[in-house]
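Asks: okay, sequence plus prediction incoming.
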Amino acid sequence: MPPGSKKVFVKTYGCQMNVYDSERMGDALRPLGYAPADGPEGADLVILNTCHIRERAADKMYSVLGRLREMKAERAGTDRPMRIAVAGCVAQAEGAEIARREAAVDLVVGPQSYHRLPELLARSRAGDSAVIDTDFPVTSKFDSLPARTAKGQGPAAFLTVQEGCDKFCTFCVVPYTRGSEASRPVARIIEELEQLSARGVREVTLLGQNVNAYHGEGPDGAAWSLARLIARLSDVPGIARIRYMTSHPRDMRDDLIEQHADNQKLMPFLHLPFQSGSDRVLAAMNRKHTAAEYLALIERVRKARPEIALSTDIIVGFPGETEAEFEATMELVREVGYAQAYSFKYSPRPGTPAASRPDQISDEIMTARLARLQALLTAQQTQFNRSCIGQTLPVLFEKPGKKPGQAIGRSPYLQAVHVDAAAHLIGQIAPVAVSSATMSSLGGVIVSR
Ligand code: SF4
């Protein structure tokens, strides 16, 4: 099949791991002649790569499917019929129920099975009922996917090194939708990073639901830690920057903290969720760490890399959370001082232990608490960005800005940086004297080298 003879449109919801998976679905389909489409209108295959973390994810998916059903009906009987697939965590959680509720769906494929898309599509064409694959196959999808070939992604890329989670936080569906912790072998990761580097990638973010629990098989047969993997990946020619996310405090081992001290390619940025500042709530969440243990960890990380920028995830209104327990969260935020953070109202995920608790917090209380927390976080983020004014930071330029000649890049601290007259620098790292800052970005001028 000549390349580009068919079009696939992948709509991605949720986290960076889904962004990575969507790109890899494109890779899996490329040998069948599928090229990317800009929207569902021109696509032969539409894939919704869903996320189960946000509230009412399944409801939103069904409403999008309703619109796609109409498009599919208009194309029925033409020479460009449309097929519809649902992938990702909602596919895993809902399975065959999706095809029962929405007959226009041809394919339901879980996050561990998308390497089988070509075979599943063939089965779907041959039969009249929807094809469902939400298994956790013994053979890793990573061993079956073709090499990464997508063009035009820019100089910063994601690379999944670990999937799944064994922590079973009582609010989270990941252990059910992505399965238990599994790590890719070191050699495969090196190979994929070399492919990325050959395409001009300079910065890689290693992804995993619990990435610092990484324990992949090394070339010596031993289980390598994330720290050891990062040290090895730093030697891949062309790779100048490494990041990783998302981490769990209990897996923040000494060798990883030492990497932050010793490895200049590991960027001074750490996303380390704490979820709640109250020990009672943390125990009810099954986080298996206390607020004091989290703070002690932050102190060690800061000792290793004093300039490190910190980021976190926080849930407000977990069932039973009192005003005093919410205050403990505010206090922890004040004590740490974050460069950025993701904060959410608790929302029950069907099938998780916390969802069936009788002491759910009213939306009114959660909204008020979240507003107070976000005001504090916004002030901290603004303050952090302003503290960069007057500094010269190395910026990796990733894409053109809105104005002609402008380019947007990232600082080592993951801040967006806008610079005029820098368009020719896309793909390169250049020093920028920071002269302005807002809550969400920095501005500055290139310093001649
Ligand atoms: S550690 Fe993260 S991914 Fe694992 S169960 Fe907890 S919140 Fe979910």
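Replies: Cool, got the structure. Residues are numbered from 1 along each chain as shown.

Asks: roughly how far apart are the nearest residue to residue 395 once chain neighbours are set aside and residue 427?
Replies: Distance criterion C-beta to C-beta, 6 or more residues apart in numbering; nearest residue to residue 395, sequence neighbours excluded, is residue 409 at 3.9 Å. To be clear about C-beta, it is placed using only N, CA and C from the backbone, and glycine gets the same treatment. Look at residue 409 and residue 427: by C-beta to C-beta, to the nearest Å, they are 10 Å apart.

Asks: got the phi and psi for residue 80?
Replies: Note on residue 80: backbone dihedrals following degrees, to the nearest 10 are phi -120, psi 70.

Asks: just the one 3 residues further on next, same as before
Replies: The phi and psi values for residue 83, taken as degrees, to the nearest 10, are phi -110, psi 150.

Asks: any idea what it is bridged to?
Replies: As for beta bridges, residue 83 partners with residue 45 under DSSP bridges.

Asks: out of residue 409 and residue 427, which sits in the more crowded spot?
Replies: Using other C-beta atoms under 10 Å, the more surrounded residue of residue 409 and residue 427 is residue 409, with 29 against 17.

Asks: and that one, how far from residue 280?
Replies: Distance from residue 409 to residue 280, by C-beta to C-beta: 43 Å.

Asks: likewise for residue 432?
Replies: 45 Å.

Asks: neighbour count: the two, which is higher?
Replies: residue 432 (26 against 14).

Asks: residue contacts, the more buried one?
Replies: Going by C-beta atoms under 8 Å, 6 or more residues apart in numbering, residue 432 touches 392-395, 409, 411, 417, 419, 442, 444-447.

Asks: residue 313 too?
Replies: Residue 313 neighbours (C-beta under 8 Å, 6+ apart): 246, 271, 273, 274, 275, 341, 342, 343, 344.

Asks: and the third one, what's its pLDDT?
Replies: Going back to what we said before, that points to residue 273. For residue 273, the pLDDT comes out at 97.

Asks: for the residue of the stretch 1-150 of the chain found nearest the ligand, helix, strand, or coil?
Replies: In the stretch 1-150 of the chain, the residue that lies nearest the ligand is residue 53 (8.9 Å; C-beta to the nearest ligand atom). The three-state label given to residue 53 by DSSP: H, G, I helix; E, B strand; the rest coil is coil.

Asks: touching, it and residue 173? I think so.
Replies: Yes: Residue 53 lies in contact with residue 173 (C-beta atoms under 8 Å); the separation is 7.5 Å.

Asks: for the residue nearest to residue 436 when sequence neighbours are not counted, give its distance to residue 432.
Replies: Nearest residue to residue 436, sequence neighbours excluded (C-beta to C-beta, 6+ apart): residue 443, at 4.1 Å. Look at residue 443 and residue 432: by C-beta to C-beta, they are 9 Å apart.

Asks: quick one: the residue nearest to residue 436 from residue 181, how far?
Replies: Where residue 181 is concerned, residue 443 sits at a distance of 41 Å (C-beta to C-beta).

Asks: just to revisit the earlier point, between residue 409 and residue 427, which contacts overlap?
Replies: Common contacts of residue 409 and residue 427, defined by C-beta under 8 Å, 6+ apart, comprise residue 397.

Asks: mind listing what's buried along the helix or strand hosting residue 282?
Replies: Here residue 282 sits within helix 279-284, counting by DSSP states H and E. For helix 279-284, a neighbour-count test (16 or more other C-beta atoms under 10 Å) marks 279, 281, 282, 284 as buried.

Asks: picking up where we left off before, beta-bridge partners for the residue nearest to residue 436, please?
Replies: Assigned bridge partners for residue 443, using DSSP bridges, are residue 418, residue 436.

Asks: I'd assumed residue 419 was in contact with it.
Replies: Yes: at 7.2 Å, residue 443 and residue 419 qualify as touching, with contact defined as C-beta under 8 Å.

Asks: who has more neighbours out of the two?
Replies: residue 419 (25 against 17).

Asks: and the spatially closest residue to residue 328 that is not a sequence neighbour, what is it in contact with?
Replies: Closest residue in space to residue 328, ignoring its immediate chain neighbours: residue 277 at 3.8 Å, by C-beta to C-beta, 6+ apart. Going by C-beta under 8 Å, 6+ apart, residue 277 touches 291, 325, 328, 329, 330, 331, 332, 333.

Asks: narrow the residues you listed to those in helices?
Replies: The members of the contacts of residue 277 that map onto helices under DSSP state H are 291, 325, 328, 329, 330, 331, 332, 333.

Asks: list, out of these, those positioned next to the ligand.
Replies: Counting by C-beta under 6 Å from any ligand atom, nothing from the ones in helices among the contacts of residue 277 sits close to the ligand.

Asks: buried among the residues you listed? Need that as a selection in PyMOL.
Replies: Selection of the buried residues among those in PyMOL, burial being defined by 16+ other C-beta under 10 Å:
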select buried, resi 291+325+328+329+330+332+333
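
Asks: now, the most widely separated pair of the ones in helices among the contacts of residue 277?
Replies: 325 and 333 (13.6 Å; C-beta to C-beta).

Asks: contacts only, for residue 38.
Replies: By C-beta under 8 Å, 6+ apart, the contact set of residue 38 is residue 9.

Asks: helix/strand/coil for the residue located most distally from the centre of the chain?
Replies: Relative to the centre of the chain, and counting by C-alpha atoms, centre = their mean, the farthest-placed residue is residue 77 at 38.8 Å. Judged by three-state DSSP, the three-state class of residue 77 is coil.

Asks: ok, back up a step: A strand includes the residue nearest to residue 395, no?
Replies: Yes: looking at residue 409 with three-state DSSP, it is inside a strand.

Asks: near the ligand, which residues of the stretch 301-449 of the chain are found?
Replies: Counting by C-beta under 6 Å from any ligand atom, no residue of the stretch 301-449 of the chain is near the ligand.

Asks: quick one: the helices in the stretch 301-449 of the chain?
Replies: Counting by DSSP state H, counting those that start in this stretch, the stretch 301-449 of the chain has helices at residues 323-336, 363-386.

Asks: next, the buried residues of the last one.
Replies: For helix 363-386, the buried set under the neighbour-count rule, 16+ other C-beta under 10 Å, comprises 366, 369, 370, 373, 376, 377, 380, 381, 384, 385.

Asks: does anything pack onto it? Which helices or strands?
Replies: Identification of packing neighbours for helix 363-386 by 3 or more C-beta pairs under 8 Å, 6 or more residues apart in numbering; DSSP states H and E yields strand 309-316, helix 323-336, strand 340-345, strand 429-437.

Asks: could the ones you listed be laid out in TSV, adding mean pLDDT?
Replies: What follows is the helices and strands packed on helix 363-386, written out as TSV (pLDDT from 0 to 100):
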stretch	mean pLDDT
strand 309-316	97
helix 323-336	98
strand 340-345	95
strand 429-437	97
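
Asks: would you mind finding the most buried of these?
Replies: strand 309-316 (a mean of 21; mean count of other C-beta atoms under 10 Å).
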